[in-house]
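Undergrad: sequence plus predicted model, see below.
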Amino acid sequence: ISPYLRVLVITVLTYTMKVATTAARALGKKLPKHAQISVRSFSAAQAQPSLDMELPGIPPLSPASAQPKPETKITTLANGLRVASEETYGQVSTIGMFIDAGSRYENDSNSGVSHLLEHMAFKSTENRSHLRLVRDIEDVGGTVGAASSRECIMYTGECLRDNVETIVDVMADSILRPALKPWDIEDQREVIGYELQAMEQNAQALLTELLHSAAYGESTPLGQPLWCPERNLGKLNADTIRSFMSKTFLAKRMVLSGAGVDHDELVSLAEKYFADLATAPPAGETEPAMLPSPYKGGDRRVSGDSPFTHVALCFDAGSWMSDDLLELCTLHLLLGGGGSFSAGGPGKGMYSRLYTNVLNQHHWVDSATAFNSMYADAGLIGIYGTCLPQDAGRLVDVMSAELISIAGSAPGEEETNRAKNQLKSSMLMKLESRQVLFEDIGRQILTYGKRESPAELCARVDKVTPEGIQKIAKKALSSPVTVASFGNNSEIPAYEEIAKKF
């Protein structure tokens, strides 16, 4: 008897005995002796197959060291579409299309179209009803989604690597041939309406919008709303969406990114499904340019029904193109911060300045967190904090003092090295996720035209010095302060008083 058949017989006998014994007990009876087969004695008499023996139909294991080193591969198609990917040697693939579009390319008449376009992704197309599209994705166990930001619109999909073609096909259908049915648009208008109502109670999202409008001005590309304003919600329609897509959804403004997929296969699929991508806007239309949004600073305050007062201070922080970008990122980690309650433990940033100097020293501070928002030609860095309304004035003083302190004197070597190590470990651990990896590839190529490897970035982080961190902090604080707040703002000092601190 073969070892495989022997294992099968033992398994069947064991299961049969368990079922028979359970049934007998339920009936209050005992199995006769002749039925009490000793599986143990049978199995003991027969040798079990060795754990080293290869089982039929199972692919042989191959150590990771035997595989080629993963690296980012980039191919530009004839129409200008860039295809980039990196292998992970896993069984799941993540695919995404990154488009150089977003709210900064809108104007007053179509403001909010990127937000609506995000919601219209993967709805009805010219080839598929919405139901058919959903069934095609679910048949392969995949997931799809979309997101929009100020500088990018992203379509994403995830599936087992054998089904990548289905995801690319559906994604191409949604990008190139959206039906934009009136009832679909009306449904998504209603959804956006609910989102706008919810944002009125989402202090952090609201402060982000207030900071951008105050820092750059409401009439500038980066200062106008990321979310669809209520005044335009009823005006946006299929024609508005098609007009925006025809000017921005161009092959040279797009990157098809993948993680956990064979590069040659992805290139072949891109050539098959995205060959019809437009290379220029229609006749009479012009491609939107990236207009500048000069930083000016300012003050925006919104009163709201909240038990806490939320306040943020920020300054000009350069851009993705800045030579001192990694000094800025290290400064962000050095300031750190978080909420007044934390489970603690290593790696939680408990030794960052906002923890040690603010949260640990001032019990009335509910949260204090450093943040940054970076763009191709602009950026912000600052601190966001919350407290009870009566302490809002003191919170502004404390946050201001931390910013002034880092600009006034260079941090120590130990503190600097801790922040650098946190930056590197955070980057490397996040890049182990396919979702982060494919987005990093797509965004870097869309921004820089190339991808800098993690090893290269870590080498640059190692060169950051305490003096470099102080220099970027001092440079940021030389710009006018931007203030934004939500809740009961009565205790927050006037803008001029806050500005004098810096």
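TA: Happy to help now that I have it. What you see is a predicted model; the values in this text were computed from it and never measured.
Undergrad: quick check: Glu413 touching Pro466?
TA: Yes - with contact defined as CB atoms under 8 Å, Glu413 and Pro466 form a contacting pair (6.5 Å). C-beta: built from backbone N, CA, C; applies to glycine.
Undergrad: neighbour-wise, which of these two wins?
TA: More crowded of Glu413 and Pro466, by other CB atoms under 10 Å: Pro466, with 19 against 10.
Undergrad: ok, and the closest non-adjacent residue to that one?
TA: Counting by CB to CB, 6 or more residues apart in numbering, the nearest residue to Pro466 once its immediate chain neighbours are dropped is Ala410, at 4.0 Å.
Undergrad: same question, Phe249
TA: Among residues not flanking Phe249 along the chain, Ile99 sits closest, at 6.1 Å (CB to CB, 6+ apart).
Undergrad: mind listing what that neighbour touches?
TA: Ile99 makes contact with Cys152, Ile153, Met154, Tyr155, Thr248, Phe249, Arg253, Met254 under the criterion CB atoms under 8 Å, 6 or more residues apart in numbering.
Undergrad: could you look up the SS state of Phe98?
TA: Under DSSP: H, G, I helix; E, B strand; the rest coil, the three-state class of Phe98 is strand.
Undergrad: from Thr156, how far off is the spatially closest residue to it that is not a sequence neighbour?
TA: Leaving out its chain neighbours, the residue that sits closest to Phe98 by CB to CB, 6+ apart is Gly442, at 3.8 Å. From Gly442 over to Thr156 the distance is 9 Å, taken as CB to CB, to the nearest Å.
Undergrad: give me the common contacts of the two.
TA: Contact criterion CB under 8 Å, 6+ apart; residues bridging Gly442 and Thr156 by contacting each: Gly96, Met97.
Undergrad: of those two, who's got more company?
TA: With other CB under 10 Å as the criterion, Gly442 and Thr156 differ in neighbour count, and Gly442 comes out ahead with 28 against 23.
Undergrad: would you mind measuring the gap between the ends of stretch 110-129?
TA: Terminal residues of stretch 110-129 are spaced 27 Å apart (CA to CA, to the nearest Å).
Undergrad: picking up where we left off before, redo the contacts of Ile99 as CSV? Include distance to Met53, neighbour count and secondary structure.
TA: Written out in CSV, the entries for these read as follows (distance: CB to CB, whole Å; neighbours: other CB atoms under 10 Å; DSSP: H, G, I helix; E, B strand; the rest coil):
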residue, distance to Met53, neighbour count, secondary structure
Cys152, 52, 20, coil
Ile153, 53, 26, strand
Met154, 47, 24, strand
Tyr155, 46, 23, strand
Thr248, 58, 22, helix
Phe249, 55, 21, coil
Arg253, 55, 21, helix
Met254, 50, 25, strand
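Undergrad: pLDDT for those residues - can I get that in TSV?
TA: TSV is the format used below for the contacts of Ile99 (pLDDT from 0 to 100):
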residue	pLDDT
Cys152	96
Ile153	97
Met154	97
Tyr155	98
Thr248	96
Phe249	97
Arg253	97
Met254	98
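Undergrad: got a markdown table for those, with distance to Glu87 too?
TA: Shown next, in a markdown table, are those (distance: CB to CB, whole Å):
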| residue | distance to Glu87 |
| --- | --- |
| Cys152 | 24 |
| Ile153 | 26 |
| Met154 | 21 |
| Tyr155 | 22 |
| Thr248 | 30 |
| Phe249 | 28 |
| Arg253 | 26 |
| Met254 | 22 |
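Undergrad: Thr482: which of the residues you listed is nearest?
TA: If you rank these by distance to Thr482 using CB to CB, Cys152 comes first, at 23.0 Å.
Undergrad: Thr465: how many residues sit nearby?
TA: Counted with other CB under 10 Å, the burial measure for Thr465 works out to 15 neighbours.
Undergrad: how about the strands in the stretch 101-250 of the chain?
TA: Per DSSP state E, counting those that start in this stretch, the stretch 101-250 of the chain carries strands over the ranges 143-148, 153-160.
Undergrad: so which of those is the most surrounded?
TA: The highest average neighbour count among the strands of the stretch 101-250 of the chain, using mean count of other CB atoms under 10 Å, belongs to strand 153-160 at a mean of 23.
Undergrad: ok, residues contacting it?
TA: With contacts defined as CB under 8 Å, 6+ apart, strand 153-160 is touched by 91-99, 101-102, 114, 117-118, 121-122, 137, 140-148, 166-168, 170-171, 174-175, 248, 434-435, 438-439, 442.
Undergrad: now, of the residues you listed, which are buried?
TA: With burial judged by 16 or more other CB atoms under 10 Å, the buried subset of those is 92-99, 101-102, 114, 117-118, 121-122, 137, 140, 142, 144, 146, 148, 166-168, 170-171, 174-175, 248, 434, 438-439, 442.
Undergrad: I'd say Lys123 and Asp184 touch.
TA: Yes - under the criterion of CB under 8 Å, Lys123 makes contact with Asp184 at 4.8 Å.
Undergrad: overlap of the contact sets of those two?
TA: With contacts taken as CB under 8 Å, 6+ apart, Lys123 and Asp184 have His130 as neighbours in common.
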